[in-house]
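Student: Below is the sequence, then the predicted model.
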Amino acid sequence: MTFHMTMKYIILLSLSLSFHITIAQQSFDSVMITTEKVKDNIYFLRGAGGNIGVLTGKDGTIVIDDQFAPLSNKINGAIKTIDPGEIRFLINTHLHGDHSGGNENFKRMGATIVAHETVRERMSKESVNSGTKEVSPPRDKDAWPVVTFKNTINIHLNDEDLELIHLDPAHTDGDVAVHFKKANVYHLGDMFVTYGYPFIDYGNGGSINGFISSLDKLLAMMDGNTKIIPGHGDLCTMADMKLFRNKLADIRDQVAAALKKGKKPEEITGLGITDKYEAEWGKGFIKGKDFVLLIVEDIKRQQTAARK
Ligand SMILES: [Zn+2]
């Protein structure tokens, strides 16, 4: 990594860090939890942090992601307003704190936490941010998933069949797509977001190529009636996801082509690769040039790994 790249990477990491800290420090007292019906007995809740999916019914409630710990009581209250039944399972789409921050609280309420095996692994260990070298302690043991899996796991409740699917390393290496098979609804965690350029968390095993291949595999399972709860943002369709996927692939392909021609990172950021996406995506916490550098870094890293 050149000095320039290192600096850019650190800037990018601190940007993403400050994004999370900004959310974490905002007054949780003022956060309202809103509920939107997706279909039948499936809902999604918003407050601060990642979107929460909820399935209710006579067999009990399943919750997908739980935002930040100070919001747990409010989230639980909103869920109980839909259905007073007990929360039996809490699924984490990945390990980030804006999706799993309330794990300890929901465990104490009796929920069984389910996630990909690397989520438990990473939560149980100290982690070092590869850019800033900042050390994060392990999560409280009560936050760790107690049911983990490698590829897929199914949960059958309330006459619905949920399939939890781990695809390729994307936003992290522990991403899980939750498929409500009968309802044709998905919760995709941060493999699909609407705030702008997505964050690819290398420190936790993320990858641009895996991001795109995971989206391709999911798109092949969907149709025009599919409803998608993204990690952040409004309810989406397959067409929205296809556009998102195509933008990522366009940026990745152009960066890869420029690298192949021997261009340096600082030259690649000057090519205007993301210019046509800035109006829509530039409003997010990652800017176009930083996203391009993130892709450069990822492609180089993968090439180095392939040579070993
Ligand atoms: Zn995330």
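Tutor: Received, thanks.
Student: make it CA atoms for all contacts and neighbour counts henceforth
Tutor: OK.
Student: where does the stretch 51-200 of the chain have low pLDDT?
Tutor: The stretch 51-200 of the chain contains residues with pLDDT under 70 at 129-133.
Student: those helices in the stretch 101-250 of the chain, which residues are they?
Tutor: For the stretch 101-250 of the chain, applying DSSP state H, counting those that start in this stretch gives helices covering 103-108, 117-123, 208-219, 238-260.
Student: Ok, which of these comes nearest residue 287?
Tutor: For the helices of the stretch 101-250 of the chain, proximity to residue 287 was assessed by CA to CA; helix 238-260 is nearest, at 13.0 Å.
Student: Not counting its neighbours along the chain, what's nearest residue 213?
Tutor: Closest residue to residue 213 apart from its sequence neighbours, by CA to CA, 6 or more residues apart in numbering: residue 168 at 6.9 Å.
Student: surely residue 238 meets residue 229?
Tutor: No - look at residue 238 against residue 229 with CA atoms under 8 Å: they stay out of range, at 10.8 Å.
Student: Now do the same contact list for the residue nearest to the spatial centre of the chain.
Tutor: The structure's the chain has its C-alpha centroid closest to residue 190; by CA atoms, centre = their mean the separation is 2.0 Å. By CA atoms under 8 Å, 6 or more residues apart in numbering, the residues touching residue 190 are 93, 171, 175, 198, 230, 231, 232.
Student: what about 10 Å?
Tutor: 50-51, 93-94, 96, 99, 170-172, 175-177, 198-200, 230-232 (CA atoms under 10 Å, 6 or more residues apart in numbering).
Student: Distance-wise, check it relative to residue 200.
Tutor: According to CA to CA, to the nearest Å, residue 190 and residue 200 sit 9 Å apart.
Student: can you list residues touching both of the two?
Tutor: Common neighbours of residue 190 and residue 200, counting by CA under 10 Å, 6+ apart, are 170, 171, 172.
Student: In those, which residue is surrounded by the most others?
Tutor: In terms of neighbour count, residue 170 stands highest of these at 29 neighbours, by other CA atoms under 10 Å.
Student: Residue 207 is in contact with that residue, correct?
Tutor: Yes - counting by CA atoms under 10 Å, residue 207 is a contact partner of residue 170 at 5.0 Å.
Student: Show me whatever sits in contact with both of those two.
Tutor: Both residue 170 and residue 207 are in contact with 199, 200, 201, where contact means CA under 10 Å, 6+ apart.
Student: ok, back up a step: which of the shared contacts of residue 190 and residue 200 lies closest to residue 257?
Tutor: Closest to residue 257 out of these is residue 170 (21.0 Å), distances taken as CA to CA.
Student: residues in contact with that closest one?
Tutor: Residue 170 makes contact with 176, 190-192, 199-202, 204-215, according to CA under 10 Å, 6+ apart.
Student: And the buried ones among the residues you listed, selectable in PyMOL?
Tutor: Buried subset of the contacts of residue 170, written as a PyMOL selection, criterion 16 or more other CA atoms under 10 Å:
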select buried, resi 176+190+191+192+199+200+201+202+204+206+207+208+209+210+211+212+213+214+215
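Student: Now do the phi/psi pair for residue 42.
Tutor: Backbone geometry at residue 42, expressed as degrees, to the nearest 10, gives phi -110, psi 130.
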